[in-house]
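> Can you look at this prediction? I've put the sequence above it.
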Amino acid sequence: KVGMVMLFVYGLSGLFSGLAGVMTASRLYSASGLLGNGNELDAIAAVILGGTSFVGGIGGVGGTLFGALIIAVLNNGLTLMNVSFFWQLVVRGLVIIIAVTIDTFRTRR
């Protein structure tokens, strides 16, 4: 049963990745393997801010979507304030460090 669930989840992940690639290519009228470079930090930050624990067993889709909303608002706000890209990365890194610290204290109890 676990093997079938894993197969289904990996298949679903591939399907959504392909769909995201098609949507990106149609929006930009171009396709390149480098278009998503640099978004890994935002994805990790969204998952961590959404409440997913590194230890496992805690987390969900709703929290991850909320974390993605926070990251998007943070990125847009920093861009609108004309903050340089370097400092935007620093702020995102600090947000991740704070979220990991909170998660560490939460799982210790």
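In hand now; what should we look at?

> Look up which helix or strand the most centrally placed residue in the chain falls in, please.
Residue closest to the average C-alpha location in the chain (Cα atoms, centre = their mean): Ala43, at 1.6 Å. Per DSSP states H and E, Ala43 falls inside helix 40-49.

> By residue count, what's the longest helix in this structure?
In the chain, ranked by residue count with DSSP state H as the criterion, the top helix is helix 2-28.

> Give me the pLDDT value at Leu12.
Listed pLDDT for Leu12 reads 95.

> tell me the domain boundaries of the protein?
For the chain, the structural domains run 1-36, 38-109, going by automatic domain parsing.

> how about Ala31, secondary structure?
Three-state call for Ala31 (DSSP: H, G, I helix; E, B strand; the rest coil): coil.

> quick revisit: separation between the residue nearest to the centre of the chain and Gly62?
Computed as Cβ to Cβ, to the nearest Å, the Ala43 to Gly62 distance reads 16 Å. Backbone N, C-alpha and C define where each C-beta goes, glycine included.

> Please write out the alpha-carbon positions of stretch 83-97 in CSV.
The C-alpha coordinates for stretch 83-97 follow below in CSV (Å, rounded to 0.1, in the frame of the first residue of the first chain):
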residue,chain,number,x,y,z
VAL,A,83,15.6,47.1,-1.9
SER,A,84,18.5,45.6,-3.8
PHE,A,85,18.4,42.0,-4.7
PHE,A,86,21.2,41.1,-2.4
TRP,A,87,19.4,42.5,0.6
GLN,A,88,16.2,40.7,-0.5
LEU,A,89,18.1,37.4,-0.3
VAL,A,90,19.4,38.4,3.1
VAL,A,91,15.9,39.1,4.4
ARG,A,92,14.6,35.8,3.0
GLY,A,93,17.5,34.0,4.6
LEU,A,94,16.8,35.6,7.9
VAL,A,95,13.1,34.6,7.7
ILE,A,96,14.1,31.0,7.1
ILE,A,97,16.5,31.1,10.0
